[in-house]
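>>> No letters, just coordinates:
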Ligand code: HEM
Ligand code: FES
């Protein structure tokens, strides 16, 4: 870089003293790089990547939050391991916390109290660890939604989508195992429920439970086993998957929003070094800092208030961490007595459906979404420009339906809290939820799709007739009308920078490209789905429509300005100045 | 779209040709790959990248200096916060005074704030530096299809086939199949090696059918372990109780239980005892003699997934599990009246001993707690 030209290179050259390095640019960074390259040969790979271009948009930060909070989890987690003792051996607590002194508990609970009350910064680290876990999982979810709603899961990024779904699953399991470690009353209750889930598994369930607990519940094996899963097994897999996720991101290059000069063939943004590296690196410190402040100020999981686990005790309002809430909600709204005995064996539908069947099914569905969509559209092209959610109404509506399902199930997981807060009976809420969980998603799908389509129409209105200025004019014959003005050329281009949707039709190929008529039944299904997916969509105006609209608008404008006002309306906004020479809408 | 005058002062980052504002050719359709979606730029043609505009810090040396000082000030303040962290670490005690500030220890609060501010200031400083002082020229990079060039792919497939061919794996199915079998059979050691996760007869799942309750064992209060006189119980009372064997003493002669066994029996043996008007009780067939003057006893462990049930409403005789709100009617054999549970709470047959204390007539007559695959078999064994 030219900045190196400011550095006095003569010194480096004399101390270096070799002739081999002459080919490289002088400068301290340069000579370090040559030293490394002569041993590692990274030059070729780095040549492209150091200045690799990353596009900028606020929503691209969501994944970064997940990444950085994972790093914070690694750091704070390692700190906790220095004192945490994952043992279920029985001890009497003798630490600083008054109210529990003299009480019997497991060593893991006692060491958690020790970290909280007798290690300086220990409570801070515990709370940071727990907050980071929440932020990690929440940001993964929002990131996933961003990816889906903007169509970034399409080819060639389907596999990265699958990796992302696995990360979400593993993060959730990691959170559950971590939550169980302190062996307090709440976490123990969660572990006991997990035992019930294992036992509900057909054929092998009872044995699985005995294997996990090293015998009958609660045994004294489960915490050490969960511990090694929590600090080694899952973090290892997470780390590997995150690395794969990042490598694929670099290989595919980031998607970008359409706009002037931003096409499917290019990527426009800031170079990795220095701007992107600085922004991302700075953002790491910010995420870390926010988590530290949260850990310092906001109490989370005050295990000392719950007390040690006792299999005969329970607190009212027993709730898992929020990300486990939705299966818990499904568990709550299953009607009574759903259990059958078949050939003398017990099948617990009441646990299997909400825990062992629906959540894995939802995960598989989530992972398959890009493949299902790809099959329906028959689209084999690569996509690097993002779509606005409104421009894929069916896709957007599918996710909103899934979110509604999730949200209702999650709310059902808090039915006792809702009952208290709203002064309703738990029974009423549960009956409502049993119906809503089916109707809600359908309704959400329908509303969202309608909404998207009307937004598409609105976009076309803006393209054809301009935007509403809020200026009301009165014509000589006394009619009032609102002034519309053309939108800027940039905005108009950006609105039209999208594909026209193609519906596969049953009776003879594709609308635009002539694909042969569907021959098999699956092709017919596919054509139906394609029509379901696209046929309601509003397409962008054609050149002809645009032209006609502009002629019309110009005519109108002439009529109006000729009469009583020489104003074109741009006095009321700042469009004239900026677009004076490039508003294509006005010079027809 | 050409780049305008270079910035007067601090344009030290020699602008290469790929800078965004200076390339009009980015939208040219040269070398379009059929796999890449081509946005036909219609009906409005692509106006191309907008021009680059200079920031105040690019053109005004004073603004530049100011930004530089701001960044350095943030880094300086971050150092101060780190020092304050150390001060707080050694100043504030922890332990007993854990709730001195905002319900937390002063130590936790100050450590969190100083560490958090140090980190935040570094982060904001770096980002400020990037936004104000580093080049803000956007670059354009061309994309390439994810797939390798067809020649490469063909070469790879050819190499793969050559390798497979030379191995002879296709021509020697005997070797291929036995190899697959050999590797597959490694699954056996892998699975069997986990057998001792529950070693020896610890894996005996028939233990689930039994609890520590036995004929004549007293019911005792769960915390203190004192036996319960039937005459002591008031109408409407609910007592959380345990088997006396969990409180071994010289008097009762029960053997000392060690850690795991004690926890297991505690988890299985927990009960609730309630007293209600005997007329309110709907006697189930065969259980007419399981109660003592309206005193009736059930397992405390929910038959759903095993939480201890807790909330009792004496007017309705309903007991509610706080985990998923299964509700059981204690007056009617603890049948499920609401919620996801599928079976009534198991009932413990009661009697009184010669001193008037409540005792069990026997163990439960069915497995307690959550359902499991072999549950029905166990229940039949118990009832035979
Ligand atoms: C994605 C990653 C992770 C998540 C979601 C996660 C989540 C959690 C949660 C929710 C807890 C309960 C905290 C509490 O006491 O309130 C916990 C505890 C713990 N975690 Fe993690 N964790 C992660 C990674 C790690 C790593 C990498 C380590 C260590 C190498 C670690 C070590 C620990 C330890 C020792 C505890 C027990 C601390 C205590 O109870 O005081 N964690 N974890
Ligand atoms: S464990 Fe009691 S309702 Fe689920």
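Good, I have the coordinates. Everything quoted here is computed from the prediction, not taken from an experiment. Ligands and ions are numbered 1, 2, ... in the order given.

>>> neighbours of residue A:297, just the number please.
18 (other C-beta atoms under 10 Å in any protein chain shown). C-beta here means a position set from N, CA and C on the backbone, and glycine is covered the same way.

>>> Report the separation between it and residue A:197.
35 Å (C-beta to C-beta, to the nearest Å).

>>> And for residue A:520?
41 Å.

>>> out of those two, which sits in the more crowded spot?
residue A:197 (23 against 8).

>>> That one and residue A:355 touch, don't they?
Yes - using C-beta atoms under 8 Å, residue A:197 is in contact with residue A:355, at 4.9 Å.

>>> tell me the contacts of the residue nearest to residue A:475 when sequence neighbours are not counted?
Nearest non-adjacent residue to residue A:475, counting by C-beta to C-beta, 6 or more residues apart in numbering or on different chains: residue A:481, 6.9 Å away. Contacts for residue A:481 (C-beta atoms under 8 Å, 6 or more residues apart in numbering or on different chains) come out as A:472, A:473, A:475.

>>> that's a strand at the first one, yeah?
Yes - read with DSSP: H, G, I helix; E, B strand; the rest coil, residue A:472 is one of the residues of a strand.

>>> Any idea what it is bridged to?
Applying DSSP bridges to residue A:472 yields these beta-bridge partners: residue A:482.

>>> Which of the contacts of residue A:481 are buried, as a PyMOL select command?
Selection of buried members from the contacts of residue A:481 for PyMOL, criterion 16 or more other C-beta atoms under 10 Å in any protein chain shown:
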select buried, chain A and resi 473
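
>>> so what are the domain limits for chain A?
For chain A, automatic domain parsing gives the domain ranges A:64-317, A:388-501+A:537-573.

>>> any idea of the mean pLDDT for the shortest one?
Regarding domain A:388-501+A:537-573, the rounded mean pLDDT is 87.

>>> Is ligand 2 within reach of the lengthiest helix in chain A?
What stands out as the longest helix in chain A, according to DSSP state H, is helix A:426-465. No - interface with ligand 2: helix A:426-465 contributes nothing (C-beta under 6 Å from any ligand atom), its closest point being 11.4 Å away.

>>> Say whether chain B is contacted by that helix.
Yes - judged by C-beta under 8 Å from any C-beta of the partner chain, helix A:426-465 comes into contact with chain B at A:426, A:427, A:430.

>>> need the contact list for the first one.
With contacts taken as C-beta under 8 Å, 6+ apart, residue A:426 has the following neighbours: A:415, A:416, A:419, B:325, B:338.

>>> In strands only, show me those residues.
Counted as lying in strands by DSSP state E, out of the contacts of residue A:426, are residue B:338.

>>> Which members of the contacts of residue A:426 occur in helices, if any?
In this view, the contacts of residue A:426 that belong to helices under DSSP H are A:415, A:416, A:419.

>>> Including distance to ligand 1 and neighbour count, could these go into JSON lines?
Formatted as JSON lines, the ones in helices among the contacts of residue A:426 follow (distance: C-beta to the nearest ligand atom, whole Å; neighbours: other C-beta atoms under 10 Å in any protein chain shown):
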{"residue": "A:415", "distance to ligand 1": "23", "neighbour count": "24"}
{"residue": "A:416", "distance to ligand 1": "22", "neighbour count": "20"}
{"residue": "A:419", "distance to ligand 1": "27", "neighbour count": "17"}
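
>>> what's in contact with stretch B:194-209?
A:206-207, A:210-216, A:221, B:367, B:369, B:372, B:374-375, B:378-379, B:381-382.

>>> Out of those, which end up buried?
By 16+ other C-beta under 10 Å, these give A:206-207, A:210-216, A:221, B:367, B:369, B:372, B:374-375, B:378-379 as buried.

>>> Nothing else from me, thank you.
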